[in-house]
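In: Pasting the sequence and the predicted coordinates here, then a few questions.
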Amino acid sequence: MPLEAVEARRLYRQVADQLRALIDSGEYGVGSRLPTERDLAEQLKVSRPTVREALIALEVEGRVRIRVGSGIYVSEPAALTSVLPALAEIEGPFELLRAREFLEGAIAEQAARVATANDIARIDASVEAMATVQHPGEASMIHDRAFHVAVAGCLDNAVLVRVVGELFDQRLNPYFAKLAHYFENPASWNAALAEHRAIRDAIAAREPDAARIAMREHLARSQDRFAQNFGAEASSASRVRARSG
């Protein structure tokens, strides 16, 4: 028999697969509540962001319903659609944000060294536009993207501009959309706007270390905002058996 390529599966997909199998086996019936994220993370020996990504994936598939302040409940299985195989290829939101934190921190650091007056003007225009729109909404995403692309543009490198833009565009995937539905609001937008201003000020002041730190803190805080509790963190009596994989 010919050998087949071995697929390295993302950890959150492995967790989603385990939970889906338990649901399909009847371990958790329709309408029942799953253990809390904390319990799942402890029993599966993974991080809570990984559990969060797995639960969001299952909700996009229609297998669970998340009720903020109450918990995660098993849903009646929906008919499978052709979109589900494509969803398996999507990077998790926290994985993307960690990559952006590393990459864009370095970009902001260099931007503080080389930014011109025109570069600062483009960054200023995006920040001013962000301050005039409501969030969540399409306009806020356009101006948020413009800010990060403008910072990358300071380096005068088309590849970095494209990569930053493409990474930001991953926010349009269904997993990010679900997280945004639960956790993005005018208060989170104002916090992000203040963080953008701190990045802008460090670049304009030609302070590379401060610019790197400000960008990395901004993207780390984005992860924190998406990692807020769904609620119902009281310990559950139900237990999930951790499996090696």
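Out: Cool, got the structure.
In: rest of the way, CA atoms for contacts and neighbours
Out: Fine.
In: Tell me which helix or strand Val60 sits in.
Out: Per DSSP states H and E, Val60 falls inside helix 48-61.
In: Which secondary structure elements does that helix sit against?
Out: When contacts are defined as 3 or more Cα pairs under 8 Å, 6 or more residues apart in numbering; DSSP states H and E, helix 48-61 sits against helix 11-24, helix 37-44, strand 64-67, helix 93-114, helix 174-183.
In: would you turn those into a markdown table with mean neighbour count and distance to Glu217?
Out: Putting the helices and strands packed on helix 48-61 into a markdown table (neighbours: other Cα atoms under 10 Å; distance: least, Cα to Cα, whole Å) gives the following:
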| stretch | mean neighbour count | distance to Glu217 |
| --- | --- | --- |
| helix 11-24 | 18 | 24 |
| helix 37-44 | 19 | 24 |
| strand 64-67 | 20 | 28 |
| helix 93-114 | 21 | 8 |
| helix 174-183 | 17 | 18 |
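In: for the ones you listed, which one sits closest to Phe147?
Out: Ranking the helices and strands packed on helix 48-61 by proximity to Phe147 (Cα to Cα) places helix 93-114 first, at 11.4 Å.
In: and the closest one, how far out from the chain's middle?
Out: 15 Å (Cα atoms, centre = their mean, to the nearest Å).
In: For that helix, give the mean pLDDT please.
Out: Mean pLDDT, computed over helix 93-114, is 96.
In: on contacts alone, who are the packing partners of that helix?
Out: Applying 3+ Cα pairs under 8 Å, 6+ apart, we find helix 93-114 packed against helix 48-61, helix 138-153, helix 158-169, helix 186-204, helix 208-226.
In: rerun that using 10 Å as the cut-off
Out: With contacts taken as 3 or more Cα pairs under 10 Å, 6 or more residues apart in numbering; DSSP states H and E, helix 93-114 sits against helix 48-61, helix 117-130, helix 138-153, helix 158-169, helix 174-183, helix 186-204, helix 208-226.
In: Identify the residues contacting the fourth one?
Out: To tie it back to what came earlier, the one meant is helix 158-169. The contact list for helix 158-169 (Cα atoms under 10 Å, 6 or more residues apart in numbering) reads 96-97, 99-100, 103-104, 107, 141-142, 144-146, 148-155.
In: for this protein, what helix or strand is lowest in average pLDDT?
Out: Least confident helix or strand of the chain, by mean pLDDT, DSSP states H and E, is helix 83-87 with a mean of 49.
In: Low-confidence bits of the protein, can you list those?
Out: 1-9, 78-89, 230-245 (pLDDT under 70).
In: Of all residues in it, which one is nearest the centre?
Out: Residue closest to the average C-alpha location in the chain (Cα atoms, centre = their mean): Pro93, at 2.8 Å.
In: Report the contact partners of it.
Out: 49-50, 52-53, 56, 99, 170-171, 173-177, 179, 223, 226.
In: let's go with 8 Å and repeat that
Out: Glu53, Arg171, Tyr175, Phe176 (Cα atoms under 8 Å, 6 or more residues apart in numbering).
In: returning to what we had before: figure out which of the helices and strands packed on helix 48-61 is closest to Val133.
Out: Per Cα to Cα, nearest to Val133 of the helices and strands packed on helix 48-61: helix 174-183, 16.5 Å.
In: what does that closest one contact?
Out: Applying Cα under 8 Å, 6+ apart, the contact partners of helix 174-183 are 53, 56-57, 60, 68, 92-93, 136, 170-171, 225-226, 228.
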